[in-house]
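Peer 1: Give me the fold of what follows.
(one chain, ligands or ions: 1)
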Amino acid sequence: MQRWCVLGGRLLLLMIAMVVCGCAGIASEQNVVHMGATSFEQSSIRIKKGATITLADDTTAVHRIENGRWDTNGMERPSRERGAPMIDVQIGGNESTTIGPFNVSGTFLLYCTVHPGMNLTIIVT
Ligand SMILES: [Cu+2]
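Peer 2: Model (predicted):
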């Protein structure tokens, strides 16, 4: 009887450990922005000050992400807002890259210089 209690206790600890690890996994996953062949899967993301963002390329397309945006006329508008981290990263097919941290609150614009209209707005609070 006592042996079963010890075994049950160990199983319980194991289950608690798995739940804790699972939550940590979700927490680190929340700032992921996925990219398709020619666009971000979401147009904006809201993050906490000091956080980073992982850009995940789900296709074989290569993306080059820099500070700025595509305007509505299809023109590149490179610019870096005050407090924005300098971003200039190339992401190969099926790769991911972490950018940031974003240490200043505000709204920051990123775009892919390869794909017209591929913009991402980052809101840091
Ligand atoms: Cu791109």
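
Peer 1: so who does E76 touch?
Peer 2: Taking Cβ atoms under 8 Å, 6 or more residues apart in numbering as the criterion, E76 is in contact with 68, 70, 111, 113. To be clear about C-beta, it is placed using only N, CA and C from the backbone, and glycine gets the same treatment.

Peer 1: Just the ones of those residues in strands?
Peer 2: Within those, residues falling in strands by DSSP state E are 68, 70, 111.

Peer 1: Please report the distance of the second one from T98.
Peer 2: Which is W70. Separation of W70 from T98 (Cβ to Cβ, to the nearest Å) stands at 23 Å.

Peer 1: wait, I99 sits on P85?
Peer 2: Yes: under the criterion of Cβ atoms under 8 Å, I99 makes contact with P85 at 6.9 Å.

Peer 1: Specify which residue of the two has the higher count of neighbours.
Peer 2: I99 (20 against 15; other Cβ atoms under 10 Å).

Peer 1: ok, what's across the strand from that one?
Peer 2: I53 (DSSP bridges).

Peer 1: show me what contacts it?
Peer 2: I99 touches 52-55, 65, 85, 87, 89, 110, counting by Cβ under 8 Å, 6+ apart.

Peer 1: and V89, how many neighbours?
Peer 2: Neighbours of V89 (other Cβ under 10 Å): 13.

Peer 1: Can you pull the domain assignment for this structure?
Peer 2: 1-30, 32-124 (automatic domain parsing).

Peer 1: highest average neighbour count across those domains?
Peer 2: Using mean count of other Cβ atoms under 10 Å, the stretch among those with the greatest mean number of neighbours is domain 32-124 (a mean of 16).

Peer 1: I'd like the average pLDDT over stretch 72-79.
Peer 2: Stretch 72-79 shows a mean pLDDT of 98.

Peer 1: Any part of it near the ion?
Peer 2: No: applying Cβ under 5 Å from the ion, one finds stretch 72-79 out of contact with the ion, separated by at least 12.4 Å.
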